[in-house]
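Novice: got a structure for you, letters missing:
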């Protein structure tokens, strides 16, 4: 009887220890699972943060490349812009103005309306011719295109002949035998070339102004966008 009671007590103790062990295992598993979950969460957050940083870095690089490309285009545009300005202000513009003025005055002069100031008109035409020739000689680097048109030489030759003959006080006109020479004839293609080229360059300059202004705005927006992204 006592032996059976003793066995029963031992069985109860074994059961209690088994329960305790099960509880300890459950606690250990729970703690381990929580630790693993916390580790996985931190790992995921770190991975996400690294991916975000890499994406931001990629965007910054792309923005920097785009900005450099825009700057390079702007520098080329600025260079052409300044060159076209010089062409118009130092070469084509002044010649254009002189030819337009001469053309208007020449028609009036030939009608006889300005007969009383005939000498002054001849002097004026001669000075305008000299000014055009001076510009062509000193600003030849601003001629548009790879070569200087032949009509430029023809103009300078004819204008020089006219200037020399009309400078004679006693006989301010070109002798008929000289006027018949091909080299002495006024090249009508010259003013036509100057007028069309000046208008062409003016349009090109206006286009460059518009494009340059847009490129500046684009560069500003690109840079400000990069600043906003980097600060996020």
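Specialist: Perfect, thanks for sending it. Just so we're clear, the structure is a prediction, and the values are computed from it rather than from any experiment. Residues are numbered from 1 along each chain as shown.

Novice: in this structure, which segments are predicted with low confidence?
Specialist: Scanning the chain for pLDDT under 70 picks out 1-37, 39-77, 214-232.

Novice: tell me where it has helices.
Specialist: For the chain, helices defined by DSSP state H occupy the ranges 2-86, 93-110, 118-138, 150-166, 176-179, 189-231.

Novice: next, the angle from the third one to helix 150-166.
Specialist: Taking axes from the mean of the first three to the mean of the last three Cα atoms, to 10 degrees, one finds helix 118-138 and helix 150-166 inclined to each other by 140 degrees.

Novice: packing partners of helix 118-138?
Specialist: Counting contacts by 3 or more Cβ pairs under 8 Å, 6 or more residues apart in numbering; DSSP states H and E, helix 118-138 packs against helix 93-110, helix 150-166. (C-beta placed from N, C-alpha, C; glycine too.)

Novice: tell me the most buried of these?
Specialist: Burial of the helices and strands packed on helix 118-138 is given as mean neighbour count (mean count of other Cβ atoms under 10 Å); helix 150-166 ranks first at a mean of 17.

Novice: what lies in contact with it?
Specialist: Contact with helix 150-166 is made by 122, 125-126, 129-130, 132-133, 136, 143, 171-175, 178, 181, 183-187, 189-190, 193, as judged by Cβ atoms under 8 Å, 6 or more residues apart in numbering.

Novice: apart from its chain neighbours, what residue comes closest to residue 205?
Specialist: What sits nearest to residue 205 in space, not counting adjacent residues and going by Cβ to Cβ, 6 or more residues apart in numbering, is residue 84, at 4.6 Å.

Novice: count the residues that sit near the one you found.
Specialist: 21 (other Cβ atoms under 10 Å).

Novice: got it, and the one 3 residues further on?
Specialist: One way to gauge burial is a neighbour count; for residue 87, by other Cβ under 10 Å, it gives 22.

Novice: now it: closest residue in space, sequence neighbours ignored.
Specialist: The spatially closest residue to residue 87, leaving aside those adjacent along the chain, is residue 142, at 4.8 Å (Cβ to Cβ, 6+ apart).

Novice: list the contacts of the one you found.
Specialist: Residues in contact with residue 142, defined by Cβ under 8 Å, 6+ apart, are 86, 87, 90, 91, 92.

Novice: distance-wise, check it relative to residue 206.
Specialist: Shown here: residue 142 relative to residue 206, a distance of 18 Å by Cβ to Cβ, to the nearest Å.

Novice: same deal with residue 178?
Specialist: On the measure of Cβ to Cβ, residue 178 and residue 206 end up 44 Å apart.
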